[in-house]
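Enquirer: no sequence for this one, just the structure:
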Ligand SMILES: Nc1ncnc2c1ncn2[C@@H]1O[C@H](COP(=O)(O)OP(=O)(O)OP(=O)(O)O)[C@@H](O)[C@H]1O
Ligand SMILES: [Mg+2]
């Protein structure tokens, strides 16, 4: 098996990186049957383990980077069908750039490794950029976040890791929001998922599970399934009645649907 590592980044806190990592890990393992490992590479302010109800682990990514534990000792099997490596909640000195070397061989065992990154423009996010085969940038539909997204894309391009797409999160469909056209024009990167602002995300968090597990038929969950399919070169067919009606009434595909199709075709050509 030769899997791939995808990095979920943003140079902005609270836009939905960890939410995206947990949901992608869930849909890739449960809907597509892939072997998935989610890693918390947000070394200074890790939350991935907490989002998934991991209390404490003997060994964390920090201990692996410090050579105090083999990576196998830091892997936790989550009840929802994927594996996780959390980071330490207590600060420990590490060199984030060791990340790539430490995880590279895991691609033999996993189809997809997903890295949750730091929101700060420092060596932590740079380490995620260099350790990833592909990057997704999470943004929200407001101008300050769009500016930070442009910045993240510029930095990532210097690191030469391909940026596969932008994930637009917390959309409320308001006129004042920055739209897909503005985002693609400013970044030159396709928007490959549009996620609504949905209280189910917070409700799911209270149960320490991803929203895709808690409310699988919500638009948000279906969007994560479509994106997950695209990431592994597969299709997710939305069989919900409301989607069938939309097709019957001839409603055209969304921009993100078209972008995902292009991404799928590109991956088939490789
Ligand atoms: N689509 C959404 N709808 C509603 N709430 C959301 C959505 N996405 C994320 N949230 C909420 O927003 C908050 C921040 O999300 P999250 O922790 O995933 O962001 P982050 O980018 O990882 O933040 P940080 O940079 O601090 O690590 C969380 O409380 C999460 O539940
Ligand atoms: Mg986070």
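Expert: Structure received. Predicted model, so just to flag it, every value in this text is computed and none were measured. Numbers count the residues shown, from 1 in each chain. Ligands and ions are numbered 1, 2, ... in the order given.
Enquirer: Am I right that residue 165 is in a strand?
Expert: Yes: secondary structure assignment places residue 165 in a strand (DSSP: H, G, I helix; E, B strand; the rest coil).
Enquirer: State the distance from it to residue 138.
Expert: Distance check for residue 165 against residue 138: by C-beta to C-beta, to the nearest Å, it reads 10 Å. Using the backbone N, CA and C atoms, a C-beta is placed for each residue, glycine as well.
Enquirer: now residue 51
Expert: Computed as C-beta to C-beta, the residue 51 to residue 138 distance reads 15 Å.
Enquirer: who has more neighbours, these two?
Expert: Neighbours per residue, other C-beta atoms under 10 Å: of residue 51 and residue 138, the larger number sits with residue 138, 27 against 22.
Enquirer: Let me know the pLDDT of residue 69.
Expert: For residue 69, the pLDDT comes out at 96.
Enquirer: Ok, residue 172 next?
Expert: 98.
Enquirer: Could you pull up the contacting residues of the closest residue in space to residue 5 that isn't next to it in sequence?
Expert: Across the structure, with C-beta to C-beta, 6 or more residues apart in numbering as the measure, the residue nearest residue 5 apart from its sequence neighbours is residue 113 (4.4 Å). Residue 113 sits next to 3-6, 36-39, 103, 106-107 when contact means C-beta atoms under 8 Å, 6 or more residues apart in numbering.
Enquirer: Next, residue 113: secondary structure please.
Expert: Under three-state DSSP, residue 113 falls in the strand class.
Enquirer: Just list whatever residues bridge to it.
Expert: According to DSSP bridges, the residues that bridge with residue 113 are residue 5, residue 37.
Enquirer: Burial check on residue 244, number of neighbours?
Expert: 11.
Enquirer: wouldn't residue 161 be in contact with residue 130 here?
Expert: Yes: using C-beta atoms under 8 Å, residue 161 and residue 130 qualify as a contacting pair, with a distance of 6.9 Å.
Enquirer: distance between stretch 192-210 and the chain's centre?
Expert: For stretch 192-210, the distance between its averaged C-alpha position and the chain's averaged C-alpha position is 13 Å (C-alpha atoms, centre = their mean, to the nearest Å).
Enquirer: how about that stretch, does it reach ligand 1?
Expert: Yes: judged by C-beta under 6 Å from any ligand atom, stretch 192-210 and ligand 1 are in contact via 195, 197-198, 201-202, 205.
Enquirer: Helices of the stretch 101-250 of the chain, start to end?
Expert: 123-131, 143-159, 180-187, 199-206, 211-214, 219-231, 241-248 (DSSP state H, counting those that start in this stretch).
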